[in-house]
Each structure stands twice: as structure tokens, then as C-alpha cells.
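> Give the three-dimensional model of this entry:
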Amino acid sequence: MTTPDTAATPQPATSVTPAAAGAPRPGPLGSLGPVGLVLAGGISVQFGGALAVTLMPRAGALGVVALRLLVAAVVLLLVCRPRLRGHSRTDWGTVVVFGVAMAAMNGLFYQALDRIPLGPAVTLEVLGPLALSVLASRRAINIVWAALALAGVFLLGGGNFDILDPTGAAFALGAGAMWAAYIVFSARTGRRFPQADGLALAMGVGAVLFLPLGIAESGTKLLDPVTLGLGAAVALLSSVLPYTLELLALRRLPASTFAILMSLEPAIAATAGFLILDQALTAPEAAAIALVIAASMGAVRTQVGGGRKKTAAPEGTGLEGREG
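Numbering: from 1, shown residues only. Alright, predicted model coming up:
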């Protein structure tokens with residue numbers, strides 16, 4: 001993966017960090033490190049998801065998604081003010097696919113939340129990133145970490161998948177497939193556009209695509225001041241902050257390692273459900289969270305070790321984990 005600076009300026013083959021090239025140090029968000037960025041984004045998105053559950057009776061699942069994408073798009077476009085000229089057809093194609101994947105991921109997931117609890121929904125959804133981690137990894141050890149994370153994910157589900165609404169479960173699995181696509185195209189967008197410009201443009205694409213669906217389902221309910229306020233909070237927690245953090249992290253982590261870290265999402269969702277939705281954690285669920293955390297830590301340690309070896313190698317490019 002390239003760093004934010006190497007994405008914009010080609011570096012010599014042996015340079016893999018901004019510091020090595022004399023580039024400016026990363027800003028406050030970048031100083032968290034890629035793992036810190038992923039964790040902060042996961043906490044934000046899951047607590048935003050828990051808040052969205054309380055908003056659904058007021059605006060409906062599609063209405064919540066429309067509000068979330070629209071507010072997030074407006075905020076990001078105003079803050080980033082991305083350039084519309086000077087981009088290739090491939091750049092625009094990447095942004096459009098990223099926006100479609102983002103809109104589909106959100107729409108399918110909120111349809112799942114409308115039918116099944118938050119914990120199982122996230123548990124099924126995370127199967128998409130875990131599958132990506134196996135497909136994208138070039139190291140056998142990452143398959144072990146993915147299997148360990150998968151065991152924890154299913155243990156966290158409590159073995160109750162057979163009693164879930166099948167339509168809700170199908171929506172969650174579909175959201176997982178779109179989540180995998182989101183990871184791939186978020187990384188590609190981050191390499192083609194500076195800072196969060198590509199994310200802002202993709203969010204605009206997603207908002208334009210989803211707004212008619214939200215209006216068709218919820219109509220004037222979306223104009224209620226309380227609904228707008230809660231929708232704005234969901235947008236900031238579930239879209240603006242986490243997607244920006246993940247875009248930064250994907251510039252510094254391979255997609256396979258990032259995807260394994262996404263297995264932390266069910267654990268974070270269980271915590272959010274406990275604190276906001278009054279859903280208690282059982283002993284097996286606590287053990288499942290420990291398994292997932294262990295798998296994520298193992299994946300990160302593997303990446304750090306592999307990164308050091310590649311840094312020392314003369315043929316290193318700084319693009320480890322680049323997909324496609």
C-alpha cells in the first residue's frame with residue numbers, strides 16, 4: 001500500500017515511508033497509525049449503527065440510509081472541495097464503483113438491521129471481509145488468522161443463525177459482499193485521489209443513487225427536525241469519520257490485513273449493543289471477542305514483520321498488498 005504522500009508523488013524503489021523521502025509528517029489522524037485508524041473507525045461506525053436502530057421507527061431503513069449518505073456527502077464535499085477536472089476515465093470509473101459499493105453496502109445492511117438484531121447482522125456481514133482476506137493474502141499464515149477470526153465471529157453469533165429471519169440474513173450476507181468491494185475500491189480510490197477527495201466524490205455518487213429510494217419510502221418524514229438531527233449524527237458517526245479513517249488506513253495496510261481487522265466489528269457491535277441497546281454479553285460472547293482480538297493482533301504482527309523484511313529488500317516498492 002502507498003502512504004498518502006507516495007500516492008501523489010512517485011518514490012524511488014527503495015523508499016517506503018514519507019519520512020525516508022523527506023516528506024511532511026502525517027497529520028493528527030495519521031499519527032494514530034493504521035491499526036489505530038481502523039479501531040477508531042470501527043468504534044465510530046458501530047456506535048453509529050446502534051444509534052441508527054433507534055432512528056428506523058421514525059424514518060424507515062431506506063430513509064435512514066438516504067439521510068446518512070446525503071449528510072455525509074454534503075459535509076465531505078464542503079470540507080474537501082475536490083477538483084472535478086484533471087482526472088482520467090479510470091479515476092472516475094473507480095470513484096463511481098466505490099460509490100455504488102458504498103451505497104449498496106449501507107442499503108443492504110440497514111435492510112438487515114430492520115429484520116435481525118445488530119450483533120448477528122454484523123457477524124454475517126463481516127464474512128465478506130474475511131473471505132477477501134483469504135483471497136487477497138499471499139501468506140499462508142493470514143489464512144490461519146482469518147480462520148481464527150471466523151471461529152470467533154461464529155461463536156459471537158451464539159449459534160442462533162438458524163432462527164434468524166432468512167431475508168434479513170440474506171441482506172446481511174449481501175452487505176458483506178459489498179463490504180469486500182468497498183475495501184478494494186476504497187484502497188484504489190485512495191491511491192488515485194489526494195487526501196479524502198475520492199471519498200467525497202464517491203459519497204456524492206452514493207447519495208444521488210440512494211436519495212430517490214429514501215424519499216419513496218419515507219417522504220416528508222425525512223424533513224422532521226429531530227429525524228434530521230439524528231440522521232446527521234448517524235452520518236457523522238457511521239460515514240464521515242469511519243470512512244475517512246479507513247481510507248487513510250488502507251493507504252498503509254494491505255487489503256488482506258485490513259480485512260482481518262474488520263473481524264473486530266462484531267465485537268465492537270456487541271459492546272455498542274450492550275451500552276446503547278441494553279444487550280448483555282454472555283461468557284461465550286466474551287470468549288469470541290477474545291478470539292477475534294487475538295486473530296487481529298496476529299494479522300497485524302504478521303504484517304509488521306513482513307513489512308520490515310520488504311523494506312530491507314532492494315526490490316521493495318512500498319506497494320505491498322496492492323490488489324489488481
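> Isn't Ala181 up against Ala101?
Yes. Using CB atoms under 8 Å, Ala181 is in contact with Ala101, at 4.1 Å. Every C-beta, even on glycine, is put in place using the N, C-alpha and C of the backbone.
> Checking Arg85 next. Helix, strand or coil?
Judged by DSSP: H, G, I helix; E, B strand; the rest coil, the three-state class of Arg85 is coil.
> And it, how close does it get to Asp91?
Separation of Arg85 from Asp91 (CB to CB, to the nearest Å) stands at 11 Å.
> Same check on Phe98?
11 Å.
> before we move on, what about Leu108?
Leu108 is 26 Å from Asp91, by CB to CB.
> likewise Ala290?
Distance of Ala290 to Asp91, computed by CB to CB: 42 Å.
> cool, and Ser218?
Distance, Ser218 to Asp91, using CB to CB: 34 Å.
> Equivalent analysis for Ala40, please.
To Asp91, Ala40 is 28 Å away according to CB to CB.
> what number of residues lie near Val71?
Applying other CB atoms under 10 Å, we find 21 residues neighbouring Val71.
> May I ask you to confirm that it is in contact with Ala232?
Yes. Taking CB under 8 Å as the definition, Val71 is a contact partner of Ala232 at 4.9 Å.
> Could you tell me how many residues sit around Thr257?
Neighbours of Thr257 using other CB under 10 Å come to 31.
> Tell me the pLDDT of it.
Looking at Thr257, its pLDDT reads 72.
> Check Gly305 too.
Gly305 is assigned a predicted lDDT (pLDDT) of 53.
> what's the answer for Glu125, then?
Predicted confidence (pLDDT) for Glu125: 83.
> List the contacts of it.
Glu125 makes contact with Phe109, Ala112, Ala172, Leu173, Ala175, Gly176, Trp179, Glu265 under the criterion CB atoms under 8 Å, 6 or more residues apart in numbering.
> Check what contacts stretch 199-219 and list those residues.
The list of residues contacting stretch 199-219 from outside it, by CB under 8 Å, 6+ apart, reads 59-67, 69-70, 72-73, 76-77, 79-80, 82, 95-96, 98-100, 102-103, 106-107, 185-186, 189-190, 193, 222, 239, 243-244, 247.
> just how off-centre is it within its chain?
18 Å (CA atoms, centre = their mean, to the nearest Å).
> for the record, mean pLDDT for that stretch?
On average, stretch 199-219 scores 91.
> Equivalent analysis for stretch 101-115, please.
89.
> what do you get for stretch 148-163?
Stretch 148-163 carries an average pLDDT of 68.
> Likewise for stretch 76-95?
Stretch 76-95 shows a mean pLDDT of 91.
> buried ones in it?
By 16 or more other CB atoms under 10 Å, the buried positions in stretch 76-95 come out as Leu76, Leu77, Cys80, Pro82, His87, Asp91, Thr94, Val95.
> overlap in contacts of Phe98 and Asp91?
The contact sets of Phe98 and Asp91 overlap at Gly198 (CB under 8 Å, 6+ apart).
> any chance you could map the strands in the stretch 101-250 of the chain?
For the stretch 101-250 of the chain, strands defined by DSSP state E, counting those that start in this stretch do not occur.
> now the helices for the stretch 101-250 of the chain?
118-125, 127-136, 140-156, 166-192, 197-218, 225-235, 241-250 (DSSP state H, counting those that start in this stretch).
> which strands and helices sit next to the second one?
Helices and strands touching helix 127-136, by 3 or more CB pairs under 8 Å, 6 or more residues apart in numbering; DSSP states H and E, are helix 140-156, helix 166-192, helix 255-261.
> and the contacts of Glu125 as a markdown table, adding neighbour count and distance to Glu125?
A markdown table is the format used below for the contacts of Glu125 (neighbours: other CB atoms under 10 Å; distance: CB to CB, whole Å):
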| residue | neighbour count | distance to Glu125 |
| --- | --- | --- |
| Phe109 | 26 | 6 |
| Ala112 | 29 | 7 |
| Ala172 | 27 | 5 |
| Leu173 | 15 | 7 |
| Ala175 | 27 | 5 |
| Gly176 | 27 | 4 |
| Trp179 | 26 | 6 |
| Glu265 | 24 | 8 |
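> Now the two most distant members of these.
Greatest spatial distance in those: Leu173 and Glu265, 14.7 Å, computed using CB to CB.
> neighbours around Gly219, how many?
Using other CB under 10 Å, Gly219 is surrounded by 12 other residues.
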